[in-house]
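S.K.: Provided below are the primary sequence and the corresponding predicted coordinates.
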Amino acid sequence: MRSDKRSLLMSGEKIQLAVYCGALSGMEDLAAVESVQGEYLHLQTRDGSLAPCAFGEGELRTAMQRLPEMIANIREGIDNGVFFARARGSVRPQGHCDYCEFLTICGKDRERRQTSKSEDPAVRHFNRLREIDGAAEDEE
């Protein structure tokens with residue numbers, strides 16, 4: 001399967017496979033399917049190659065179990081107007097900024113602001129996504 005320790009939900013940054021798997025499990029035509037696997041195909045911007053990141057049945061099942069709590073946490077953040085911009089994340093630990101089209105909106109001090117806001121209670125709520133996903137233990 002995967003060579004890294006990132007989870008399928010990637011701390012809320014990628015939830016499509018779990019959502020699709022959940023949708024498939026509710027379809028009568030697919031009731032006899034014994035296992036489901038999935039993968040993300042990450043397009044590499046530097047050379048246009050594809051980097052697959054595959055997940056097996058057990059990982060999908062675990063992600064589907066965690067997804068409702070994660071979505072509830074995301075919804076609560078949206079309801080409270082919390083949109084915390086992060087310069088780094090689970091998908092791109094080296095940073096999102098090299099690939100982002102909105103750098104002018106975040107500004108040059110985006111990394112400093114991320115660090116200074118990291119202890120804000122609203123942001124700690126946002127960081128709960130890592131705990132729900134179990135990624136906090138994997139990334140340390």
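M.R.: It's in.

S.K.: so where do the helices sit in the chain?
M.R.: Using DSSP state H, the helices of the chain run over residues 16-25, 57-79, 103-106, 110-117, 121-133, 135-139.

S.K.: which residues touch residue 71?
M.R.: Residue 71 sits next to residue 15 when contact means C-beta atoms under 8 Å, 6 or more residues apart in numbering. C-beta here means a position set from N, CA and C on the backbone, and glycine is covered the same way.

S.K.: state the distance from it to residue 77.
M.R.: Distance of residue 71 to residue 77, computed by C-beta to C-beta, to the nearest Å: 11 Å.

S.K.: likewise residue 87?
M.R.: Distance, residue 87 to residue 77, by C-beta to C-beta: 18 Å.

S.K.: these two: which has the busier surroundings?
M.R.: Counted by other C-beta atoms under 10 Å, residue 87 and residue 77 do not tie: residue 77 has more neighbours, with 19 against 16.

S.K.: point out where this structure drops to low pLDDT.
M.R.: 1-6, 89-93, 95-96, 99, 135-140 (pLDDT under 70).

S.K.: using CSV, write down the CA coordinates of stretch 71-90.
M.R.: What follows is stretch 71-90, C-alpha atoms only, in CSV (Å, rounded to 0.1, in the frame of the first residue of the first chain):
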residue,chain,number,x,y,z
ILE,A,71,-17.3,16.9,9.0
ALA,A,72,-19.1,18.1,12.2
ASN,A,73,-15.8,19.8,13.3
ILE,A,74,-15.4,21.5,9.9
ARG,A,75,-19.1,22.6,9.9
GLU,A,76,-18.7,24.1,13.4
GLY,A,77,-15.7,26.1,12.2
ILE,A,78,-17.6,27.3,9.2
ASP,A,79,-20.6,28.2,11.4
ASN,A,80,-18.3,30.2,13.6
GLY,A,81,-16.5,31.9,10.7
VAL,A,82,-13.1,30.1,11.4
PHE,A,83,-11.1,29.9,8.1
PHE,A,84,-7.5,29.5,9.3
ALA,A,85,-5.1,29.7,6.5
ARG,A,86,-2.1,27.4,6.8
ALA,A,87,1.1,27.7,5.0
ARG,A,88,1.8,24.0,5.6
GLY,A,89,-0.3,20.9,6.0
SER,A,90,-0.6,17.2,5.7
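
S.K.: if anything else comes up later, I'll come back, but that's it for now.
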